[in-house]
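J.: Model the structure of this input:
(one chain, ligands or ions: 1)
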Amino acid sequence: MQIYLVGGAVRDQLLGKPVADRDYVVVGATPEEMRRLGYRPVGKDFPVFLHPHSGEEYALARTERKTGHGYRGFAFHTDASVTLEQDLERRDLTINAMAADAQGAIVDPYGGGRDLADRVLRHVSPAFVEDPVRVLRVARFAARYASLGFRIADETLALMRSMVADGEVDHLVPERVWAETRRALAEPTPSAFLRALRACGALRVVFPEVDALYGVPQRAEFHPEIDTGVHVELVLGMAARLAPGDDLIGWCALTHDLGKALTPRHELPRHLRHEHNGVEPLRALCARLKVPAEHAALAELVCRHHLEAHRAFELRASTVLELLEKLDAFRRPERLQGFLLACEADKRGRLGHADSPYPQADYLRAARAAAGTISAATFVAQGLSGTAIGAAMREARVKAIEGVKRDLKAAE
Ligand SMILES: Nc1ncnc2c1ncn2[C@@H]1O[C@H](COP(=O)(O)OP(=O)(O)OP(=O)(O)O)[C@@H](O)[C@H]1O
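T.: Numbering: from 1, shown residues only. Purely as a prediction, here's the structure:
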């Protein structure tokens, strides 16, 4: 039997990037042999084994046949006669379909090395169309490598379009959409994920509420980029810059303005109440994709309150306190931190504003710190009880926030 390193590890090595996971393909072996050698079987649908010591994954070389819709409709075939080339042929992109033998010699039957050098994301074979998640994977790799100058090959984009047109993308299960989206949001250029999905028409299928933002105008004096979809792309880019690799902030960036798609035509380009209008589609989207609770919760807070954060200096101290309470900022400082990063990404994610300061974040952080030092214990010690404690504490917190604002003004 022969063992090859395959997929992402070979690609990353050739790109000079750190290798995260090492996956191996085993050619010319049977499951029984693998077990005899001490490998532990883990695959449900097809034979994958864990190395007895390193815990790395070793999969028997396999082919597949499409039997139905979506990703469940596959019959995998594996035996000792399946070749490395057959296994690599069923992979998505040529840059992911290279292998390296034990001596480090590269096996590259589909031109992955050339595409890597040319910065092209290209499908391996016509079988690409058989698994709709590959549309999302290509978009995700576009988000990962956009800054290196990668583009999607025309013929691959054409196949992606045909998969959308044939309705194959409709069969994606929410778990797979979320898993790829989450990973894409943690990539360096998440806006390239949106652009790739939009270019093939998949955005309308998987994120219709985001797709609907393109072509919706905003006021040019606040948003020189005008188009709301373009604004969302800029906010995603800024979120990736402010919080690299943080898909939670990315999710908030992606969804903060969903309400703008619902603005009545006669009100455009103003978007009165968009922060309220966005809540319902956001909740429906989070439920549909089964996003984790904290992603749904923080995205809703950002959607509802981003305008308040932008206007923080104009708000009364009591309103600032209410905002901090709604964010649960006294018990959960990380919530406030995430909220402010997303709000800052929104404010700076506008054409010509990338380097604008966002002093609102400093103010709200300082407000929380000052108000947070006031605790109920002080008022209990003063002999107060029940509702009197709550009222006195509130009053003291409001005063503390007023103090912070005064100090900031004085420092200007
Ligand atoms: N749905 C799919 N269709 C075709 N090939 C796939 C699919 N999912 C994974 N692969 C193949 O399996 C390999 C491992 O997949 P995995 O999702 O771990 O990504 P990766 O390429 O290792 O990238 P990452 O760096 O994100 O882990 C890929 O490189 C690709 O060759």
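
J.: for the single nearest residue of the stretch 151-300 of the chain relative to the ligand, what are its contacts?
T.: In the stretch 151-300 of the chain, the residue that lies nearest the ligand is Arg183 (6.5 Å; CB to the nearest ligand atom). No exception for glycine: its C-beta is placed from N, CA and C like everyone else's. Shown in contact with Arg183 (CB atoms under 8 Å, 6 or more residues apart in numbering): Arg140, Asp247.

J.: Count residues in the vicinity of the residue of the stretch 1-150 of the chain found nearest the ligand, would you?
T.: Here the residue of the stretch 1-150 of the chain nearest the ligand is Gly8; by CB to the nearest ligand atom that distance is 2.4 Å. The tally of other residues near Gly8 (other CB atoms under 10 Å) stands at 16.

J.: Which strand or helix spans the residue of the stretch 151-300 of the chain closest to the ligand?
T.: helix 174-185 (DSSP states H and E).

J.: Off-centre distance for that helix?
T.: 7 Å (CA atoms, centre = their mean, to the nearest Å).

J.: now it: mean pLDDT?
T.: For helix 174-185, the mean pLDDT works out to 97.

J.: Using PDB, list the CA coordinates for it.
T.: What follows is helix 174-185, C-alpha atoms only, in PDB (Å, rounded to 0.1, in the frame of the first residue of the first chain):
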ATOM      1  CA  PRO A 174     -28.700  24.700   6.500                       C
ATOM      2  CA  GLU A 175     -25.900  23.100   8.500                       C
ATOM      3  CA  ARG A 176     -23.700  23.100   5.400                       C
ATOM      4  CA  VAL A 177     -24.600  26.600   4.400                       C
ATOM      5  CA  TRP A 178     -23.800  27.800   7.900                       C
ATOM      6  CA  ALA A 179     -20.600  25.800   8.200                       C
ATOM      7  CA  GLU A 180     -19.200  27.300   5.000                       C
ATOM      8  CA  THR A 181     -20.500  30.800   5.700                       C
ATOM      9  CA  ARG A 182     -18.900  30.800   9.100                       C
ATOM     10  CA  ARG A 183     -15.600  29.700   7.800                       C
ATOM     11  CA  ALA A 184     -15.900  32.300   5.000                       C
ATOM     12  CA  LEU A 185     -16.600  35.100   7.500                       C
END
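
J.: Can you report phi and psi for the closest residue to Thr30 other than its chain neighbours?
T.: Spatial nearest neighbour of Thr30, chain neighbours left out: Ala80 (5.5 Å); criterion: CB to CB, 6 or more residues apart in numbering. The phi/psi pair for Ala80 (degrees, to the nearest 10) reads phi -70, psi -10.

J.: And for Val25?
T.: Phi and psi for Val25, reported as degrees, to the nearest 10, are phi -120, psi 140.

J.: Now do the helices in the stretch 151-300 of the chain.
T.: Taking DSSP state H, counting those that start in this stretch as the test, the helices found in the stretch 151-300 of the chain are 154-165, 174-185, 190-200, 202-206, 208-211, 228-242, 247-255, 274-277, 279-289, 293-310.

J.: And these: which comes nearest Ala29?
T.: Checking these against Ala29 by CB to CB gives helix 174-185 as the closest, at 29.7 Å.

J.: hmm, back to that, and the residue of the stretch 1-150 of the chain closest to the ligand, what is it in contact with?
T.: Contact analysis of Gly8 by CB under 8 Å, 6+ apart lists Val19, Ala20, Asp21, Asp23, Asn96.

J.: Which pLDDT value goes with Ala212?
T.: 97.

J.: Looks like it contacts Thr263 (just checking).
T.: No: using CB atoms under 8 Å, Ala212 makes no contact with Thr263, being 10.8 Å away.

J.: now the end-to-end length of stretch 243-261.
T.: Its first and final residues considered, stretch 243-261 spans 26 Å by CA to CA, to the nearest Å.

J.: what about that stretch, distance to the chain center?
T.: Relative to its parent chain, stretch 243-261 has a centroid offset of 8 Å by CA atoms, centre = their mean.

J.: Okay, buried residues for it please.
T.: Of all the residues in stretch 243-261, those buried under the rule 16 or more other CB atoms under 10 Å are 243, 246-261.

J.: how close does Gly28 sit to Thr78?
T.: Going from Gly28 to Thr78 by CB to CB, to the nearest Å gives 11 Å.

J.: more crowded one of those two?
T.: Applying other CB under 10 Å to Gly28 and Thr78 shows that Thr78 carries more neighbours, namely 20 against 16.

J.: What are the phi and psi values at that one?
T.: phi -140, psi 130.

J.: Quick check: it touching Arg65?
T.: No: with contact defined as CB under 8 Å, Thr78 does not reach Arg65; the gap is 12.0 Å.

J.: Can you get me the start-to-end distance on stretch 342-358?
T.: 11 Å.

J.: burial count for Pro264?
T.: Using other CB under 10 Å, the number of residues around Pro264 comes to 8.

J.: Check it and give its pLDDT.
T.: So Pro264 comes in at 88 (pLDDT).

J.: swap in the one 3 residues further on?
T.: With respect to pLDDT, Glu267 scores 89.

J.: now do Asp45
T.: At Asp45, pLDDT is 69.

J.: cool, Gln13 as well?
T.: 95.

J.: Distance-wise, check it relative to Ile249.
T.: In this view, Gln13 and Ile249 are 30 Å apart by CB to CB.

J.: Check Glu33 too.
T.: Using CB to CB, Glu33 is found at 47 Å from Ile249.

J.: Now stretch 131-139: average pLDDT?
T.: The average pLDDT within stretch 131-139 is 96.

J.: mind saving the C-alpha coords of it as PDB?
T.: Coordinates of the C-alpha atoms in stretch 131-139 are reproduced here as PDB (Å, rounded to 0.1, in the frame of the first residue of the first chain):
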ATOM      1  CA  ASP A 131     -22.300  18.500  -4.800                       C
ATOM      2  CA  PRO A 132     -23.800  21.900  -4.300                       C
ATOM      3  CA  VAL A 133     -21.700  22.700  -1.300                       C
ATOM      4  CA  ARG A 134     -18.800  23.100  -3.800                       C
ATOM      5  CA  VAL A 135     -20.400  26.400  -4.900                       C
ATOM      6  CA  LEU A 136     -19.900  27.700  -1.300                       C
ATOM      7  CA  ARG A 137     -16.500  26.200  -1.000                       C
ATOM      8  CA  VAL A 138     -15.200  28.000  -4.200                       C
ATOM      9  CA  ALA A 139     -16.700  31.200  -2.800                       C
END
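
J.: Filter the contacts of Gly8 down to the buried ones, ChimeraX style.
T.: In ChimeraX, a selection of the buried entries from those looks like this (16+ other CB under 10 Å):
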select :23,96
